[in-house]
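1. okay, sequence plus prediction incoming.
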Amino acid sequence: MFRYLALLWNAESANIGATAEILQRRVQALSPSWIMVFRAAGIAVLVTDRSHHLSAQALCGGSGIVLGEIFPRLNPLDEGAVVGGAEFGAQDTQAVIESQGRILASRYWGNYVAFILDAHRGARYVFKDPCGSLPCHFTEHGGVQLAFSCLGDCRELGLRFKVNWAFVRARIANGSREVREQPLLGVSTVYRGDCVRFNREGAAESRTPYWQPDLAGATDFADVQVARRAVRTTVLSCAHSMAAGHSSVLAQVSGGLDSSIVLGCLSAMPNRPKITCYTLFVPNSVCDERRWARHAVGRFGYRQIEAPLAPEKLIYEDLPPLAASMEPASYFTRWQKGPVERELATRFGASTIFTGEGGDAAFCSTSYTFAVDHCLRRHGLSCRTLRMAAKVAMRRDRTVWNVLGKALARQVAGDSAADGKRSLEAFRRLVSSDVRESASMNLETLLRMGSLAFAPSFYDASTSHHDAAPTVASPLCAQPVVELCGRIPVDVHFDGGRIRGLARRAFAEEVPEPILRRQWKDRPLLQLGEVIALNLPFIREQLLGGRLVKERILNRAAVEQALRLGPSSSSAIGSEILSHLDIELWIRDSA
């Protein structure tokens, strides 16, 4: 798996320079696969497991380097095209330096981390792209700043860090979403869209957000036909650009609209890679996505693998720990999917997995109730707004006046943090009251950010970071798609009173009619409960005897009640129980 380590230090200090040299040699002694890709006064960058799509792109004149995958931007109304990786000539590099990296957020997109040298200001900048999953963390060691993507590499260097309990509380209070508390003491994170400035001495002196999502909607995309064309060309361009560097890929096809759109976009490539589709399913489940996935795959005649999951074999006590990670990872998800996807990637020579992740948020599947708010802002309390309220009311089984009244209240008082807190209650039924009250977030932002509201998940924690594993490509999470969909008013996304109506219209040529008509999702609802029942003694031991209860982050009485007779008698949903178990095991393995 692609990884990097970067050293930043005071080039004028002989002692610290010697420490940096020793640390560099220690890194290269770990494995001959570590390669120096950039070196200048006070900075050295090493990478390992480079590939044709994740590598290093140097800035001109030794001014820095971009790690990962980066593309130049296109106009959203231009016809979709394959965009090659960005190249930085003298003029482009000068623009990057003069803007202190800001221009990367506006003129480029991808999955990358940039290290920029500004000799004139005596500064080094580290910028993490706004929507990608390649992580960036840094810690100080012997006067040297060590920036890294994978915690496992730090552990191999002998570095250990303690859990930050402020992070644990904030993480649980916010329903496992990303929080601006550091998970491990002594380690800092460069968050999506942020730039950290390091001074000449090598110390981190400032952090500046270069990117914030604009979800207000724009009048230039209020016309359905303009918005339809923009969505279509942007998603096509991003999907094609992300796939162009691969000879063989896997496509995760669930039978839903979003994964079908991504598969259709890949199929529209003039020189597409070899595509193997796979669908994960739970045998004998009342909810089976395979019949829908067959519609999507059969349209193009690809090979389809239907891979059964075995939740009944997920015995936590017998599972080895997940690989070291900065934040808690899901044992359930990783051990269910990781081995299956690695085996398929090996069998078919695939280097990445394309998914429809991000579509629910981008196309406003979960936030369509705000269609009335957006209509009110542009048209006031008009007949058009009343018609939109009627469409939302019909979909939600509410009265028009209920829907319209809530929208008017939000326009007057704003979307309060209380709405965001209420949306999290189903995921925090075991959490102590003081921790619950500490959460604060805007509901519309929460729903429209979707998976981008969670910390990046780049590495497959069910295997060692030294092992080969396919990367994940999610075109609907790409920065141009996220930005464009944020500029389109929610009522335009809710075209025709259909959830994701605009997306259905935009990709009518790529998606089979049965999936376009489908307005619901099948989910194997019982498998979480089955896993909990199989592991009940272990879960009781870990949660009731664990740190979360001892630190009074979880309510002991609520946990006892939830686990007394198993999940069927619990007021807490299975996902919350397993989420708390993931955090408990992460704390244990981080000690």
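-> Okay, I see it. Numbering: from 1, shown residues only.

2. report pLDDT for Tyr4.
-> pLDDT for Tyr4: 97.

3. nearest residue to it in space, please, no chain neighbours.
-> Counting by Cβ to Cβ, 6 or more residues apart in numbering, Val47 is the residue found nearest to Tyr4 once chain neighbours are left out, at 4.6 Å. Yep, even glycine has a C-beta here, placed from its N, CA and C like the rest.

4. quick check: that neighbour vs Leu157, distance?
-> Separation of Val47 from Leu157 (Cβ to Cβ, to the nearest Å): 16 Å.

5. neighbour count: those two, which is higher?
-> Regarding Val47 and Leu157, a neighbour count based on other Cβ atoms under 10 Å identifies Val47 as having more, with 23 against 16.

6. confirm that one sits in a strand?
-> Yes. Assessed with DSSP: H, G, I helix; E, B strand; the rest coil, Val47 lies in a strand.

7. how far away is it from Ser55?
-> To Ser55, Val47 is 7 Å away according to Cβ to Cβ.

8. list residues touching both of the two?
-> 2, 67 (Cβ atoms under 8 Å, 6 or more residues apart in numbering).

9. so what's Lys274 bridging to?
-> Ser248 (DSSP bridges).

10. could you report the neighbour count for it?
-> Residue neighbour count, defined by other Cβ under 10 Å, stands at 14 for Lys274.

11. same check on the one 4 residues further on?
-> Tyr278 has 23 neighbours, counted by other Cβ under 10 Å.

12. where does the residue lying closest to it once chain neighbours are set aside fall, secondary structure wise?
-> Distances taken as Cβ to Cβ, 6+ apart put Ile305 closest to Tyr278, at 4.2 Å, once the chain neighbours are dropped. Element membership for Ile305 (DSSP states H and E) is strand 303-308.

13. kindly report the same for Met36.
-> Following DSSP H and E, the helix or strand that holds Met36 is strand 35-40.

14. that strand pairs with which strands?
-> strand 43-48 (antiparallel).

15. what's downstream of the partner strand, the next helix or strand?
-> With elements assigned by DSSP H and E, the helix or strand that comes after strand 43-48 is strand 55-58.

16. buried set for that next one?
-> Within strand 55-58, the residues scored as buried using 16 or more other Cβ atoms under 10 Å are 55-58.

17. same check, this time on stretch 365-384
-> Buried-residue list, stretch 365-384, by 16+ other Cβ under 10 Å: 365, 367-377.

18. whichever helix in the chain runs longest packs against which elements?
-> Longest helix in the chain by number of residues (criterion: DSSP state H): helix 224-243. If contacts are counted by 3 or more Cβ pairs under 8 Å, 6 or more residues apart in numbering; DSSP states H and E, helix 224-243 sits against helix 257-267, strand 352-354, helix 479-487, helix 501-506.

19. what's the last one packed up against?
-> Secondary-structure packing of helix 501-506 (3+ Cβ pairs under 8 Å, 6+ apart): helix 224-243, helix 257-267, helix 490-493.

20. give me the distance from it to the chain's centre.
-> Taking Cα atoms, centre = their mean, to the nearest Å, one finds the center of helix 501-506 at 23 Å from the center of the full chain.

21. just checking, next helix/strand downstream of it?
-> Downstream of helix 501-506, the first helix or strand assigned by DSSP H and E is helix 513-517.

22. and the contacts of that following helix?
-> So helix 513-517 is contacted by 255-257, 260, 292, 295-296, 504, 508 (Cβ under 8 Å, 6+ apart).

23. name the next helix or strand downstream of the lowest-mean-pLDDT helix or strand in the chain, please.
-> Of all helical and strand segments in the chain, the minimum by mean pLDDT, DSSP states H and E falls on helix 417-424, at a mean of 59. Downstream of helix 417-424, the next assigned helix or strand under DSSP H and E is helix 433-436.

24. give the buried residues for that next one.
-> Buried residues in helix 433-436, defined by neighbour count with 16+ other Cβ under 10 Å: 435-436.

25. how far does that helix sit from its chain's centre?
-> With Cα atoms, centre = their mean, you get 26 Å for helix 433-436.

26. which elements pack onto it?
-> Using 3+ Cβ pairs under 8 Å, 6+ apart, helix 433-436 sits against helix 165-173.

27. partner strands of the helix or strand just after the helix it packs on and their direction?
-> Downstream of helix 165-173, the first helix or strand assigned by DSSP H and E is strand 188-189. Partners of strand 188-189 in the sheet, by DSSP bridges, are strand 137-141 (antiparallel).

28. run the chain-centre distance for the partner strand.
-> Worked out by Cα atoms, centre = their mean, strand 137-141 lies 23 Å from the chain centre.

29. ok, now stretch 377-396?
-> How far stretch 377-396 lies from its chain's middle: 32 Å, per Cα atoms, centre = their mean.

30. relative orientation of the longest strand seen in the chain and strand 43-48 in degrees?
-> In the chain, with assignment by DSSP state E, the single longest strand is strand 108-118. Counting by axes from the mean of the first three to the mean of the last three Cα atoms, to 10 degrees, strand 108-118 lies at 140 degrees to strand 43-48.

31. mean confidence score for strand 108-118?
-> Strand 108-118 comes out at a mean pLDDT of 96.

32. keeping just the C-alphas, turn it into PDB.
-> Provided in PDB are the C-alpha atoms of strand 108-118 (Å, rounded to 0.1, in the frame of the first residue of the first chain):
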ATOM      1  CA  TYR A 108      -6.700  21.100  -9.000                       C
ATOM      2  CA  TRP A 109      -8.400  18.100  -7.400                       C
ATOM      3  CA  GLY A 110      -7.400  14.600  -6.500                       C
ATOM      4  CA  ASN A 111      -6.200  12.500  -3.600                       C
ATOM      5  CA  TYR A 112      -2.900  14.000  -2.500                       C
ATOM      6  CA  VAL A 113      -0.800  15.700   0.100                       C
ATOM      7  CA  ALA A 114       1.500  18.600  -1.100                       C
ATOM      8  CA  PHE A 115       4.800  19.700   0.500                       C
ATOM      9  CA  ILE A 116       5.700  23.200  -0.700                       C
ATOM     10  CA  LEU A 117       8.900  25.100  -0.100                       C
ATOM     11  CA  ASP A 118       8.900  28.900   0.000                       C
END
